[in-house]
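K.L.:
model this:
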Amino acid sequence: MEPEEKGLTEEERAQIKALHVIDELVIVQNNHYMLGKYDDAIKIAEEIIEHAKNNNLMELVQEQETYIRQMHAAKEKTKRLTALKELSEMKRMKVFELLNAGEDVKAHQIVEDFKREFGSEFDLNKITPARIFISKESENWVHFVKKQGSLKEELNLLEKLILKAKEQDDMKAFTIIMDQARPLVLDLAIEEITEKWNVFDKEYLEFMNLMNEQIAFNEKKFLENKENKKLDTALTCCENIIERAQKSGNEELITKYTRVIQDLKDQIEIQENNRKKQLDMLQERAELLKGILNIDENTLPLVEEFSIHDHLGDLSGDINETLDKIGSLLNDHRVEIKKEISSKTVLRSISGEMLELEKNIHVEEDNDEPTNYSVQSGFKNPFNELIEESILTDLIPYNFEIKQVRYNRKPVPELPDKKLTKDGLELNWKLENIPSREKVEVSYDLRRRVSRTIIFMLKDQLKIIKMHSNLHSLDIDGSFDVKIPFTNSFGFLLEGVVVEDVIPLYYLHFVKEPARLLHAPINNTNMGDLIKWNIGTMKSETLNYHYRLLEIYKIEEIKINIEEWDAKGAEAIKQGRINDAINNFMRIKNLISNYIS
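P.N.:
So this is what the prediction gives:
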């Protein structure tokens, strides 16, 4: 027994001995810990606990139990560190991959998430892969943020320019700005700004799609109108195409349709020149006829010239045979009595869409007064938008005189732009700002003219003149005068002269002049009564033709008056009132005289 153990209890001596053993175990335990052998250190701790429990050293038991928990934690941390090192290597590879791909934001997000998850538990600078990719990304992020600032400034400037281009509807500038902005937006990581530019881009694509749709539509309409010889509308379609091509920056289309437009303009110029030459020739011939005919306003006499030999062959010299041959020409060359007007409408919507409409409209008789006629032209706006400009062209045949015109049921004080053409009086209505689906109505009240054909031979030519003359109202209601003189002022003898007048339907007619000539038997047709005068030879003189016309529906009124006055006259005779009888009979005489004298 050692001297220091004297006086100790058996238990105390056992505890001292146990402590010596435990001290040695602690040394071994520390070595295991230093070497990272946590399981071995835990086993030593368990052995120490057993010694401590056997010797009632409870503080050591608690101490070692705490130690065991620490070892388990250290063991777990070591496992986590090992896993973290493996994870760090994976993250390093991923971050470098993203940086190389220009995915700076994603790389930055990975680094920030990694630091937030592990930075408080581990010293990441001591984990080589982690230190490498964190350092690399941090350096890259500084440059990235600086670049993002520059991109933001550039896009803010471009935004001001694009808003100005939109305000001014300058789609060419809009296109240029979008081309500049797109690569910048692709590099920008500020979502608020990229979303704004995505909206601009969407608007641009919608605009381009609209332009392409409108170009395709106008190209289709161009081909249709060109095929139908509607060159003015075809030209407008080309102009619409170029306007949209300019907005969308399609230089190829601009070049193509610039050439097409020039070609169309050349064709239109040729057409206009030919039409002008034809009208000038008609006007010149009409001017030459002023000394021969009385030409009423808004009419144009037409002159046709043929070879006598080609149309009549060899003439025998017999005047009657010659007149028969000339008279037979009326079947093919009689003045035309038309029963319809032609109407052409060119419409341009506010968006530039063009539409050309053509139709023939039948002239209707008035049921109550059949000598009066009416016809209505016009159009309905077919677009879902305003008609910016429209031209309505009505062609009224010369066999009709215009009595009154109404525009949307309101009387028109004077005719619009008018032109004398070969086929009739052309009226051009220029109308603007017609709302969608609104109707435009132009109504004409008409009256038939007396229509005339004159055929004669002058030297070696066969001349055919076609003309129309107005009915002039007299003081007596329903009664009209028509005077159509024909003068030979050619300076030569006219031969084979035949004159035929077409008296409109629903008129009684009386020939007042020429009194010394007889006309051929009147031919009643669905055009009217044909009165033919076989003149034969005509020297330098004037033949006055004077017709008195009476509307046929007035006959019943005249008949009633005559019967009334006749009855009164007869009754006056019975009663011996001779003067009253004479007055009534004179009223009958004067009434009839007024109509036929």
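K.L.:
tell me which element residue 209 falls in.
P.N.:
helix 191-227 (DSSP states H and E).
K.L.:
following that helix, which helix or strand shows up next?
P.N.:
helix 231-248.
K.L.:
buried ones in that following helix?
P.N.:
231, 233-245, 247-248 (16 or more other C-beta atoms under 10 Å). Placement of C-beta: from N, CA and C, glycine included.
K.L.:
pLDDT on the helix holding residue 209, on average?
P.N.:
What helix 191-227 shows for mean pLDDT is 91.
K.L.:
Can you check what angle separates it from helix 231-248?
P.N.:
Counting by axes from the mean of the first three to the mean of the last three C-alpha atoms, to 10 degrees, helix 191-227 lies at 160 degrees to helix 231-248.
K.L.:
Output the contacting helices and strands for helix 191-227.
P.N.:
In terms of contacts (3 or more C-beta pairs under 8 Å, 6 or more residues apart in numbering; DSSP states H and E), helix 191-227 is packed against helix 128-167, helix 171-187, helix 231-248, helix 251-288.
K.L.:
Report the mean per-residue pLDDT for the second one.
P.N.:
Predicted confidence along helix 171-187 averages 89 (mean pLDDT).
K.L.:
what sits up against the helix or strand containing residue 357?
P.N.:
Assigned by DSSP H and E, residue 357 belongs to strand 354-362. Contacts to strand 354-362, defined as C-beta atoms under 8 Å, 6 or more residues apart in numbering, come from residues 221, 225, 230, 232-233, 236-237, 240, 339-349, 375-377, 379, 382-383.
K.L.:
Give me the sheet partners of it and which way each runs.
P.N.:
If you go by DSSP bridges, strand 354-362 pairs up with strand 340-349 (antiparallel).
K.L.:
Restricting to C-alpha, output the partner strand in CSV.
P.N.:
Provided in CSV are the C-alpha atoms of strand 340-349 (Å, rounded to 0.1, in the frame of the first residue of the first chain):
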residue,chain,number,x,y,z
GLU,A,340,-80.1,52.1,-119.0
ILE,A,341,-77.3,54.2,-117.6
SER,A,342,-73.9,52.8,-116.7
SER,A,343,-72.4,53.6,-113.3
LYS,A,344,-68.8,53.2,-112.2
THR,A,345,-67.7,53.7,-108.6
VAL,A,346,-64.1,53.9,-107.3
LEU,A,347,-63.8,53.7,-103.5
ARG,A,348,-60.8,54.3,-101.3
SER,A,349,-61.1,53.5,-97.6
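K.L.:
List the contacts of it.
P.N.:
232-233, 236, 354-363, 375, 377, 379, 381-383, 385-397, 423-424, 444.
K.L.:
Mind checking which of these are buried?
P.N.:
233, 236, 354-356, 363, 375, 377, 379, 381, 383, 387-388, 390-397, 424, 444.
K.L.:
ok so, going back, in the helix holding residue 209, what's buried?
P.N.:
For helix 191-227, by 16+ other C-beta under 10 Å, it's 193-194, 197, 200, 204, 207-208, 211, 214-215, 218-219, 221-222, 225-226.
K.L.:
now, among those residues, which is nearest to residue 260?
P.N.:
Using C-beta to C-beta, residue 222 comes nearest to residue 260 of those, at 7.9 Å.
K.L.:
For that closest one, which non-adjacent residue is spatially closest?
P.N.:
Among residues not flanking residue 222 along the chain, residue 237 sits closest, at 3.9 Å (C-beta to C-beta, 6 or more residues apart in numbering).
K.L.:
Ok, residue 505 next?
P.N.:
Using C-beta to C-beta, 6+ apart, the nearest residue to residue 505 is residue 528, at 5.0 Å.
K.L.:
Run a quick neighbour tally on that neighbour.
P.N.:
21 (other C-beta atoms under 10 Å).
K.L.:
any idea how far it lies from residue 564?
P.N.:
Residue 528 is 32 Å from residue 564, where distance means C-beta to C-beta, to the nearest Å.
K.L.:
same thing with residue 77?
P.N.:
Using C-beta to C-beta, residue 77 is found at 138 Å from residue 564.
K.L.:
remind me which residues of the chain are low pLDDT?
P.N.:
Applying pLDDT under 70 to the chain flags residues 1-6, 594-597.
K.L.:
Would you mind pulling up the elements that the helix ranked longest in it packs against?
P.N.:
Ranked by residue count and defined by DSSP state H, the top helix of the chain is helix 58-100. Contact here means 3+ C-beta pairs under 8 Å, 6+ apart; on that basis helix 58-100 packs against helix 10-34, helix 38-54, helix 104-118, helix 128-167.
K.L.:
re earlier: and the residue nearest to residue 505, what is it in contact with?
P.N.:
337, 448, 502-505, 507.
K.L.:
Please produce TSV containing the residues you listed, extended by secondary structure and distance to residue 478.
P.N.:
What follows is the contacts of residue 528, written out as TSV (DSSP: H, G, I helix; E, B strand; the rest coil; distance: C-beta to C-beta, whole Å):
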residue	secondary structure	distance to residue 478
337	coil	22
448	strand	14
502	strand	20
503	strand	15
504	coil	13
505	coil	15
507	strand	9
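K.L.:
Show me which of the residues you listed are buried.
P.N.:
Of the contacts of residue 528, these count as buried by 16+ other C-beta under 10 Å: 337, 448, 502-505, 507.
K.L.:
can you map out the strands along the stretch 301-450 of the chain?
P.N.:
Counting by DSSP state E, counting those that start in this stretch, the stretch 301-450 of the chain has strands at residues 302-307, 340-349, 354-362, 364-365, 372-380, 387-396, 400-407, 410-411, 417-420, 425-434, 439-448, 450-458.
K.L.:
Quickly check the contacts of residue 528 for the two that are furthest apart.
P.N.:
337 and 507, at 14.1 Å, using C-beta to C-beta across the contacts of residue 528.
K.L.:
Near residue 266, how many other residues are there?
P.N.:
Neighbours of residue 266 (other C-beta under 10 Å): 10.
K.L.:
Against residue 235, how distant is it?
P.N.:
Distance from residue 266 to residue 235, by C-beta to C-beta: 11 Å.
K.L.:
Check residue 579 too.
P.N.:
Residue 579 is 80 Å from residue 235, by C-beta to C-beta.
K.L.:
Next, name the residue at the spatial heart of this protein.
P.N.:
residue 353 (2.1 Å; C-alpha atoms, centre = their mean).
K.L.:
and it, what are its phi and psi?
P.N.:
Backbone geometry at residue 353, expressed as degrees, to the nearest 10, gives phi -70, psi 140.
K.L.:
is it true that it touches residue 382?
P.N.:
No - applying C-beta atoms under 8 Å, one finds residue 353 not in contact with residue 382, separated by 9.7 Å.
K.L.:
Quick one: neighbours of the closest residue to residue 407 other than its chain neighbours, just the number.
P.N.:
Leaving aside its chain neighbours, residue 407 sits nearest to residue 442 (5.7 Å; criterion: C-beta to C-beta, 6+ apart). Residue 442 has 21 neighbours, counted by other C-beta under 10 Å.
K.L.:
ok now do residue 442, which residues does it touch?
P.N.:
Residue 442 touches 376-378, 392, 394, 405-407, 429, counting by C-beta under 8 Å, 6+ apart.
K.L.:
got the buried residues for stretch 411-424?
P.N.:
Using 16+ other C-beta under 10 Å as the test for burial, stretch 411-424 gives 416, 420, 424.
K.L.:
swap in stretch 310-329?
P.N.:
By 16+ other C-beta under 10 Å, the buried positions in stretch 310-329 come out as 312, 315, 322-323, 325-327, 329.
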